[in-house]
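Trainee: Okay, here's the prediction I keep looking at, along with the sequence it came from:
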2 protein chains.
Amino acid sequence: MRGDPGYEDIKLPLASGSRRIHGSVARDLGIAILAGRYAPGDVLPGEIEFSEQLKVSRTAYREAIRILSAKGLVESRPRTGTRVTQRSRWNLLDPDILAWAFEAEPSESFIRDLFELRMIVEPAAAALAAERRSGLDISRMGHALEEMGRYGLATEIGRAADQSFHNTILEAARNGPLMALSSSIAAAVTWTTIFKQRRSALPRDPMPDHRILYEAIVAGDIEAARAAMTDLVRLALADTELSLKA
Amino acid sequence: MRGDPGYEDIKLPLASGSRRIHGSVARDLGIAILAGRYAPGDVLPGEIEFSEQLKVSRTAYREAIRILSAKGLVESRPRTGTRVTQRSRWNLLDPDILAWAFEAEPSESFIRDLFELRMIVEPAAAALAAERRSGLDISRMGHALEEMGRYGLATEIGRAADQSFHNTILEAARNGPLMALSSSIAAAVTWTTIFKQRRSALPRDPMPDHRILYEAIVAGDIEAARAAMTDLVRLALADTELSLKA
DNA sequence: TCTAAGTTATTTGTATGAGTAAAGAGCTGA
DNA sequence: TCAGCTCTTTACTCATACAAATAACTTAGA
């Protein structure tokens, strides 16, 4: 199923590959579902048969199914078996599901939907951050920005700084659920960034936009921060679309 | 822990109490964690000890832990045991977690955070819906609105219509991740609505605001839809704050 | 013939016990 | 002081048996 090299080599910050068997099985099945190899409504083979087929114990298999069930991908009942639920019941913002979706070659429309959501959420978060940021937030963002400038997005450490920059903004917004949402999206952004890097070098220097955003938040200028983040996401979308077509 | 009657009597649309043991244990522990009875960093008792204490088999207990782990609440490793993760790693937008949070008497700040997120997401969703709605969407919304007017929010069927109304808007926005986000929030909204109802009758007729929103979406007026939804959420927040203080 | 109650068979759910593998703690030697 | 080893605790995996739930079937009664 995955003769495709390259993915495994990328070290994710929170991928938590979790080499445990139940984790691997959940991951494999999750990817298969998101890839459409099991469609909503499909009934999986029975526990005994399927676990034998996967060469794992029934216990491990069942724990994998519990994981998928917790994320809304499947639903099991006695007698009827375990079936894939309707797509509308999937927790598409779950970090694992997003990661799996990107491993399964996400559709272009899915990526566009994610960017649409970013365009809604992140400017608002930036605005809140400009309103509520503390001195600590500012210094952290400054540090991240500096590292980002020094190493660039082509390096692991540079991407980590980018993530840290965005993450600090979301922390500064002081909103737990919003933070959770952003973490998920951030994971997806990481993947799209990697996508971009895999095709070609980034065609544009991302630093100026980041600096404008940073200045706006430091100044506490709410509307400027909102506008700067809007631009930033828009440009990221443009880059992504470019690399998808390329 | 909960001598407080009333919760169990409320029939939720998708509560899916799932009377299976692993589900109950996950629910109980999840509520305990969200209530702060187990704090981030705390280590749970060992599998054997804890499962005996809970009077369930290790199998069922472990499946419960897998569920919590899938939602980011806990993390288990050999030798270290199972510990509650940092709050920032929790999937606060997971429908189950939101439900558990409300069972655990959510803090006022948490509710405010949720409304803040609604204020960001739902007006944008309404705007998208005004842009993309189909005839089917319109007729569904109209039907829901009518039922809502007929039965009122004090009845089960009326609340279902309210949910259906909002749900259709989010469907009309044609964005999977946004839809998933909204479903989670919708669940929370259900709870806050019930909260409101428990204290006192709703002090204000919600229908006019809903009708204005409906008309805007039907007319395809993007900005009007955005504004109408903004008002609607703002009023809902005001009502909720009122009933929290009462 | 149709309906409703009861029965059966199939599938997931729960329990238990044995053994494996991972990872922190402590020891040992340089 | 520190690198490496052993030890021990803990979750992880496996196999097996049995229980519970429920869709499908069967049968009794009208």
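Mentor: Alright, I've got the coordinates. Since we're looking at a predicted model, the values are computed, not measured.
Trainee: can you confirm A:Leu153 is in a helix?
Mentor: No. The assignment for A:Leu153 (DSSP: H, G, I helix; E, B strand; the rest coil) gives coil, which keeps it out of a helix.
Trainee: What residues does chain A have near DNA strand C?
Mentor: Within chain A, the positions lying close to DNA strand C (Cβ under 7 Å from any atom of the strand) are A:19, A:44, A:46-48, A:58-59, A:62, A:65, A:76-82. Where you see a C-beta, it was placed from the backbone N, CA and C, and this is true even at glycine.
Trainee: I only care about those residues that end up buried; give me the ChimeraX line for that.
Mentor: The buried subset of the residues of chain A next to DNA strand C, as determined by 16 or more other Cβ atoms under 10 Å in any protein chain shown, is captured in ChimeraX by this line:
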select /A:44,62,65,76,82
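Trainee: Against DNA strand D, which of the residues of chain A next to DNA strand C make the cut? List them.
Mentor: A:58-59, A:77-80.
Trainee: Would you mind giving the residues you listed as TSV with pLDDT and secondary structure added?
Mentor: Shown next, in TSV, are these (pLDDT from 0 to 100; DSSP: H, G, I helix; E, B strand; the rest coil):
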residue	pLDDT	secondary structure
A:Arg58	98	helix
A:Thr59	98	helix
A:Arg77	96	strand
A:Pro78	96	coil
A:Arg79	95	coil
A:Thr80	96	coil
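Trainee: Now flag whichever of those residues is closest to A:Asp137.
Mentor: Nearest to A:Asp137, judged by Cβ to Cβ, of those is A:Thr59 at 45.5 Å.
Trainee: Quick check, that closest one in contact with B:Thr59.
Mentor: Yes. Using Cβ atoms under 8 Å, A:Thr59 is in contact with B:Thr59, at 6.9 Å.
Trainee: Check for me that A:Arg83 belongs to a strand.
Mentor: Yes. Using three-state DSSP, the assignment for A:Arg83 is a strand.
Trainee: Distance-wise, check it relative to A:Ile33.
Mentor: Distance of A:Arg83 to A:Ile33, computed by Cβ to Cβ, to the nearest Å: 11 Å.
Trainee: what residues are shared contacts of the two?
Mentor: Counting by Cβ atoms under 8 Å, 6 or more residues apart in numbering or on different chains, the residues touching both A:Arg83 and A:Ile33 are A:Val74.
Trainee: of these two, who's got more company?
Mentor: A direct count of neighbours by other Cβ atoms under 10 Å in any protein chain shown for A:Arg83 and A:Ile33 places A:Ile33 higher, at 26 against 15.
Trainee: My guess is A:Gly46 contacts A:Thr80. True?
Mentor: No. Using Cβ under 8 Å, A:Gly46 makes no contact with A:Thr80, being 10.9 Å away.
Trainee: now the helices for chain A?
Mentor: Taking DSSP state H, the helices of chain A run over residues A:21-34, A:47-53, A:58-70, A:95-103, A:108-132, A:135-151, A:156-172, A:176-199, A:207-219, A:222-245.
Trainee: Local confidence estimate at the nearest residue to A:Phe102 once chain neighbours are set aside?
Mentor: What sits nearest to A:Phe102 in space, not counting adjacent residues and going by Cβ to Cβ, 6 or more residues apart in numbering or on different chains, is A:Trp191, at 4.1 Å. Per-residue confidence (pLDDT) for A:Trp191: 73.
Trainee: count of residues packed around A:Ala160?
Mentor: 16.
Trainee: domain ranges for chain A?
Mentor: As assigned by automatic domain parsing, chain A contains the domains A:21-89, A:106-245.
Trainee: out of these, which comes closest to B:Pro123?
Mentor: domain A:106-245 (9.1 Å).
Trainee: I'd assumed A:Ser107 was in contact with A:Ala101.
Mentor: No. Taking contacts as Cβ under 8 Å, A:Ala101 lies outside contact range of A:Ser107: 9.0 Å.
Trainee: More neighbours: these two, which one.
Mentor: A:Ala101 (26 against 12).
Trainee: what's near enough to touch that one?
Mentor: Applying Cβ under 8 Å, 6+ apart, the residues near A:Ala101 are A:34, A:92, A:110.
Trainee: again, only this time at 10 Å
Mentor: Residues in contact with A:Ala101 (Cβ atoms under 10 Å, 6 or more residues apart in numbering or on different chains) are A:30-31, A:33-35, A:90, A:92, A:94, A:107, A:110-111, A:114, A:188, A:191, B:176-177.
Trainee: Likewise for A:Asp162?
Mentor: A:144-145, A:147-148, A:151-153, A:186, A:189-190, A:193, A:206, A:210.
Trainee: could you redo the last one with a cut-off of 7 Å?
Mentor: A:Asp162 sits next to A:148, A:153 when contact means Cβ atoms under 7 Å, 6 or more residues apart in numbering or on different chains.
Trainee: For chain B, see how far away it is.
Mentor: 18 Å (Cβ to the nearest Cβ, to the nearest Å).
Trainee: what's the answer for A:Gly36, then?
Mentor: In terms of Cβ to the nearest Cβ, A:Gly36 sits 14 Å off from chain B.
Trainee: Now that residue, what are its backbone angles?
Mentor: phi 90, psi 10 (degrees, to the nearest 10).
Trainee: who in chain A is up against DNA strand D?
Mentor: So chain A meets DNA strand D at A:20-23, A:55-60, A:63, A:77-80 (Cβ under 7 Å from any atom of the strand).
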